[in-house]
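Enquirer: only geometry, no sequence info:
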């Protein structure tokens, strides 16, 4: 067995007392020591609205009293459903103040998934953002026999003015009721916080649910604060740091940075006005630290590629030169050999810094990516433009992080080394095992599943396959069950091939299917990126109407054929993609095809698209599919489509056509 364990010297930060600390106690401390400091700010109508630590504490106290007035008791669970707003965190801290916990629900959740989380958690109070979320709950109340919800608290009243259902109440109304209750219970709030312990459940986060319904992982205050303490030993943070919160609080990654590190280090959390202003708001704030899943970084790269392609030839030349200089400097920097010298400084000022500024990354001291593998090529691009991006590895069950890169020791095909306090072991069959004080309490109301995941010695069985390289870095191959063997005996990871394909700006998602018998070849199902492919089509004067129309164009197939052929050049012969098709639709979490964090649900894909997969493997020229299209008025129609299957074994890139630069979509 291979083993890695890391212990590091403490920085000059003052760590929290893990034997007594809870999130509400940290809030009380911050309100007492920095009452006028900015805890959060939200952009409304184009103006940033600040909330001080003292105000934050008061609103948490008011809402906690309000929850108590509705009968919420110690040990219960309050559900929160909606986008990131100050009220989300106020509700979370209020529940924790009285010994309750919160379960976060992705704002895009609907139907069975929403019902599953609410019934499993037995939530009696749901804090919901707006009319859209309230309507979901009202519909669910009519169809579910197992729902226990007694009260829905909304924190965005727009569109709800005419609703008179006694089930519903406004967030500010709960706070007002709480203030009245506080008059007769003046010490109740602090008394309840004093009763809480670090072992209490702080938050329940859903697992990714790639193979089944998501499980509910119980994370204690100690779990999360231990993780925050250990991570900040490597990457110190303090109250001067700014963080922009735009990824769902239901995701462990956002709980990790915005809540655990946010409260333990006193970060200022900023909330963008809405999705359409997110990039501009990010630029205004200039965060010091950022954490996003690969899809965000891939999206940023695609945006750069589109913008560069639309620029004049001089700007393209300047950026290309600056990128090459930055790439060489990044290679030296990540290996601890310094930066790019005077030439690197010039290249940064005239070429790559403006791009970072456009992306809102000009002040970022460090950025993290996790939740799924990030392709090495994408990883390298961000380092070339001067972003200190680090890959992390972890799961909900270990508070989101167990392994991370260090500033001067980054390898683009690894996820780094264990953080302090974390032991890592590779089992005899190649599974990654982890052990630390951040391992979760267990799955809510699923003790049998918990016992399967954490053994008697405290090792978390991740279900991932990996190995330690010669430098002690962890290389994650894929989910252990998804590591396959080609007919020639080569072992390969579907995710690795898919990430190679997704480095193309024109590929949004890729699902590859390995050979199952002698003579078969690797095949792929691709969904195109409508933004970048649409921009390319416009440049090529190619007209189209819908996504389905664009994806079916022969010219688009030719475009993707070249991209996949280029990706194949870096792969062993036995696992190169031989045939592919462009799916007529994007993969959608509402259809259970991908998770809310955009991980492919392979079991759903294998079942739903079985005929397509069989045709790909047989070597057919095309395959028929029935697709139901639902319109905004609720009507739907069943359409019969024929999807082309492109054979790459007979394709060759036109002679004289050079390789596309990393930063461009143009040849």
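Expert: Structure received. Just so you know, these numbers come straight off a predicted model, no measurement behind them. Numbers count the residues shown, from 1 in each chain.

Enquirer: mind listing the helices in the stretch 401-550 of the chain by residue range?
Expert: 447-453, 494-502, 530-539, 547-551 (DSSP state H, counting those that start in this stretch).

Enquirer: buried set for the next helix or strand after the last one?
Expert: Yep, that's helix 547-551 we're talking about. Of the helices and strands lying after helix 547-551 in sequence (DSSP states H and E), the nearest is helix 554-568. Going by neighbour count (16 or more other Cβ atoms under 10 Å), the buried part of helix 554-568 is 556, 557, 559, 560, 561, 562, 563, 564, 566, 567, 568. All C-beta atoms are positioned from the backbone trio N, CA, C, and that covers glycine.

Enquirer: In a markdown table, list the helices of the stretch 401-550 of the chain along with mean pLDDT and distance to residue 94.
Expert: Shown next, in a markdown table, are the helices of the stretch 401-550 of the chain (pLDDT from 0 to 100; distance: least, Cβ to Cβ, whole Å):
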| stretch | mean pLDDT | distance to residue 94 |
| --- | --- | --- |
| helix 447-453 | 96 | 28 |
| helix 494-502 | 87 | 40 |
| helix 530-539 | 90 | 40 |
| helix 547-551 | 94 | 43 |
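
Enquirer: For the ones you listed, give me CSV that also has mean neighbour count and distance to residue 275.
Expert: Converted to CSV, these look like this (neighbours: other Cβ atoms under 10 Å; distance: least, Cβ to Cβ, whole Å):
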stretch, mean neighbour count, distance to residue 275
helix 447-453, 14, 35
helix 494-502, 23, 22
helix 530-539, 18, 14
helix 547-551, 18, 20
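
Enquirer: Adding distance to residue 644, write these out as JSON lines.
Expert: Output for the helices of the stretch 401-550 of the chain, formatted as JSON lines (distance: least, Cβ to Cβ, whole Å):
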{"stretch": "helix 447-453", "distance to residue 644": "43"}
{"stretch": "helix 494-502", "distance to residue 644": "18"}
{"stretch": "helix 530-539", "distance to residue 644": "15"}
{"stretch": "helix 547-551", "distance to residue 644": "10"}
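
Enquirer: Report the central residue of the protein.
Expert: Centroid check for the chain by Cα atoms, centre = their mean gives residue 293 as the closest residue, at 3.6 Å.

Enquirer: so that residue touches residue 595, yeah?
Expert: No - taking contacts as Cβ atoms under 8 Å, residue 293 lies outside contact range of residue 595: 10.4 Å.

Enquirer: returning to what we had before: what's the distance between the nearest residue to the residue nearest to the centre of the chain once chain neighbours are set aside and residue 574?
Expert: With sequence-adjacent residues excluded and distances taken as Cβ to Cβ, 6 or more residues apart in numbering, residue 293 is closest to residue 371, at 3.9 Å. Residue 371 is 29 Å from residue 574, where distance means Cβ to Cβ, to the nearest Å.

Enquirer: try residue 458
Expert: 39 Å.

Enquirer: got it, and residue 259?
Expert: From residue 259 over to residue 574 (counting by Cβ to Cβ), the distance is 46 Å.

Enquirer: who's more crowded, the two?
Expert: A direct count of neighbours by other Cβ atoms under 10 Å for residue 259 and residue 574 places residue 259 higher, at 26 against 15.

Enquirer: Shouldn't that one be within a helix?
Expert: Yes - under DSSP: H, G, I helix; E, B strand; the rest coil, residue 259 sits within a helix.

Enquirer: could you measure it against residue 465, distance?
Expert: Per Cβ to Cβ, residue 259 is found 31 Å from residue 465.

Enquirer: Give me the pLDDT for residue 630.
Expert: Looking at residue 630, its pLDDT stands at 60.

Enquirer: same thing with residue 665?
Expert: 69.

Enquirer: how much space between the closest residue to residue 151 other than its chain neighbours and residue 154?
Expert: Nearest residue to residue 151 in three dimensions, chain neighbours excluded: residue 125, at 4.9 Å (Cβ to Cβ, 6+ apart). For residue 125, the distance to residue 154 equals 12 Å [Cβ to Cβ].

Enquirer: Comparing those two, which shows the higher neighbour count?
Expert: residue 154 (28 against 25).

Enquirer: Show the backbone phi and psi for the more buried one.
Expert: The phi and psi values for residue 154, taken as degrees, to the nearest 10, are phi -100, psi 140.

Enquirer: so it bridges to which residues?
Expert: Residue 154 has these beta-bridge partners by DSSP bridges: residue 128, residue 170.

Enquirer: Could you list every helix and strand in contact with the longest helix anywhere in the chain?
Expert: Determined from DSSP state H, the single longest helix within the chain is helix 313-334. Helix 313-334 sits against helix 294-310, helix 341-347, helix 376-384, with contacts defined as 3 or more Cβ pairs under 8 Å, 6 or more residues apart in numbering; DSSP states H and E.

Enquirer: export the buried residues of helix 554-568 to CSV and tack on distance to residue 380?
Expert: Below are those laid out as CSV (distance: Cβ to Cβ, whole Å):
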residue, distance to residue 380
556, 27
557, 28
559, 23
560, 22
561, 25
562, 21
563, 18
564, 20
566, 16
567, 15
568, 19
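
Enquirer: Would you point out the most distant pair within the residues you listed?
Expert: Farthest pair in those (Cβ to Cβ) is 556 and 568. Separation: 18.5 Å.

Enquirer: residue contacts, the residue lying closest to residue 651 once chain neighbours are set aside?
Expert: Distances taken as Cβ to Cβ, 6+ apart place residue 561 nearest to residue 651, at 5.3 Å, with adjacent residues excluded. Contact analysis of residue 561 by Cβ atoms under 8 Å, 6 or more residues apart in numbering lists 580, 646, 648, 651.

Enquirer: tell me which element the second one falls in.
Expert: Under the criterion of DSSP H and E, residue 646 resides in strand 636-647.

Enquirer: which parts of that strand are buried?
Expert: Per 16+ other Cβ under 10 Å, strand 636-647 contains these buried residues: 643, 645, 646.

Enquirer: by how many degrees do that strand and helix 554-568 diverge?
Expert: Taking axes from the mean of the first three to the mean of the last three Cα atoms, to 10 degrees, strand 636-647 and helix 554-568 form an angle of 50 degrees between their directions.

Enquirer: quick one: strands adjacent to strand 636-647?
Expert: Paired with strand 636-647 in the same sheet, following DSSP bridges, are strand 577-582 (antiparallel), strand 622-630 (antiparallel).

Enquirer: Touching it from outside, list them.
Expert: The contact list for strand 636-647 (Cβ under 8 Å, 6+ apart) reads 548, 552, 554, 557, 560-561, 578-584, 612, 615-616, 619-631.

Enquirer: how about a cut-off of 7 Å?
Expert: Strand 636-647 is contacted by residues 557, 561, 579-581, 584, 615-616, 620-630 when judged by Cβ atoms under 7 Å, 6 or more residues apart in numbering.

Enquirer: Which of those residues are buried, as a ChimeraX select command?
Expert: A single ChimeraX command selects the buried members of the contacts of strand 636-647 (16+ other Cβ under 10 Å):
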select :557,561,579,580,581,584,615,616,623,625
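
Enquirer: Relative to residue 539, how far out is the closest residue to residue 197 other than its chain neighbours?
Expert: Leaving aside its chain neighbours, residue 197 sits nearest to residue 22 (7.4 Å; criterion: Cβ to Cβ, 6+ apart). For residue 22, the distance to residue 539 (Cβ to Cβ) stands at 56 Å.

Enquirer: what does residue 416 give?
Expert: Taking Cβ to Cβ as the measure, residue 416 falls 39 Å from residue 539.

Enquirer: now residue 460
Expert: Distance from residue 460 to residue 539, by Cβ to Cβ: 49 Å.

Enquirer: and what of residue 176?
Expert: Counting by Cβ to Cβ, the gap from residue 176 to residue 539 is 56 Å.

Enquirer: Kindly report the same for residue 220.
Expert: Here the criterion is Cβ to Cβ. By it, residue 220 lies 54 Å from residue 539.

Enquirer: what's the neighbour count on the residue lying closest to residue 471 once chain neighbours are set aside?
Expert: Closest residue in space to residue 471, ignoring its immediate chain neighbours: residue 411 at 7.1 Å, by Cβ to Cβ, 6+ apart. Other residues within reach of residue 411 by the criterion other Cβ under 10 Å amount to 17.
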